[in-house]
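Engineer: Coordinates for the following, if possible.
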Amino acid sequence: MAIGWIVLIGLTGLVSCRSTKSGPVKRGWSQRGIASWYGKPFHGRQTASGEIYDMHLMTAAHKTLPFYTVVEVHNLDNDRRIRVRITDRGPFVKGRIIDLSWEAAKRLQMTGTGLAKVEIRVVDTIYDSAAAPRAVASYTVQVGAFRDRRYAEELAARIKGKPAPRIEQSGEWFRVRVGDFESEPEARNLRDRLKSKGHRAIVIRIPR
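Structural biologist: Numbers count the residues shown, from 1 in each chain. Okay, the predicted model is just below:
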């Protein structure tokens, strides 16, 4: 999916990372190399994760990182930093390590050049309900609901600790929820912890 109109020469040895294995990775895992970006004509098409690609959201493609992993991307050319969520596979051009959405590339100020030398670092993982199986539960904690998915993603990326937040879509709403619990007291404990950190958390009963 990477942009094909710029040819890279002499990239041998440029890419370095702490691990090349696929599957779950720990926070802090990092990798250096070249970032590219993709927009049209992929806008509106289905990604490898099953989501519909929206070039205006903060997402990216990576060859091996699990879907919904949140990574910080540091543009080493201008010191700008952003966070994106992995929803697709790629890039498939030698030497490139991540394919950013148009919005992400714009915030890194690399849409003009098309490419940038970056370092990516795993920050956290967001599990969408459609992508990860959930335990049998009756309660969860909701910290926000938005009509625009980008706001839900930004809120989820700010929530630290475990369990990791997830984004659930219901109609035109994107709800940020944390945890699955069989008992209401457990859910209330998490709600109180989140409220102590400044989040507007409420306990939600899950219909069975």
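
Engineer: Give me the helix or strand of the chain that scores worst on average pLDDT.
Structural biologist: strand 16-17 (a mean of 36; mean pLDDT, DSSP states H and E).

Engineer: roughly how far apart are Ala60 and Arg147?
Structural biologist: 23 Å (Cβ to Cβ, to the nearest Å). Where C-beta positions appear, they are placed from N, C-alpha and C, glycine not excepted.

Engineer: Between the two, which has more neighbouring residues?
Structural biologist: Per other Cβ atoms under 10 Å, whichever of Ala60 and Arg147 has more neighbours is Ala60, with 29 against 10.

Engineer: next one: phi and psi at the more buried one?
Structural biologist: Backbone torsions for Ala60, taken as degrees, to the nearest 10, come to phi -160, psi 170.

Engineer: Bridged to the spatially closest residue to it that is not a sequence neighbour, which residues?
Structural biologist: Nearest non-adjacent residue to Ala60, counting by Cβ to Cβ, 6 or more residues apart in numbering: Val84, 4.2 Å away. Beta-bridge partners for Val84, by DSSP bridges, are Val71.

Engineer: Could you count how many residues lie near Val84?
Structural biologist: Look at Val84: counted by other Cβ under 10 Å, it has 28 neighbours.

Engineer: Tell me the pLDDT of it.
Structural biologist: We note a pLDDT of 88 for Val84 in this prediction.

Engineer: So it sits against Val73, correct?
Structural biologist: Yes: between Val84 and Val73 there is a contact under Cβ atoms under 8 Å: 6.1 Å.

Engineer: which neighbours do those two share?
Structural biologist: Ala60, Leu100, Ala104 (Cβ atoms under 8 Å, 6 or more residues apart in numbering).

Engineer: Can you add pLDDT and give those back as TSV?
Structural biologist: Listed next are these as TSV, based on pLDDT from 0 to 100:
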residue	pLDDT
Ala60	94
Leu100	96
Ala104	92
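
Engineer: Would you format the residues you listed as TSV with distance to Arg175 included?
Structural biologist: Conversion of the shared contacts of Val84 and Val73 to TSV gives the following (distance: Cβ to Cβ, whole Å):
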residue	distance to Arg175
Ala60	23
Leu100	26
Ala104	23
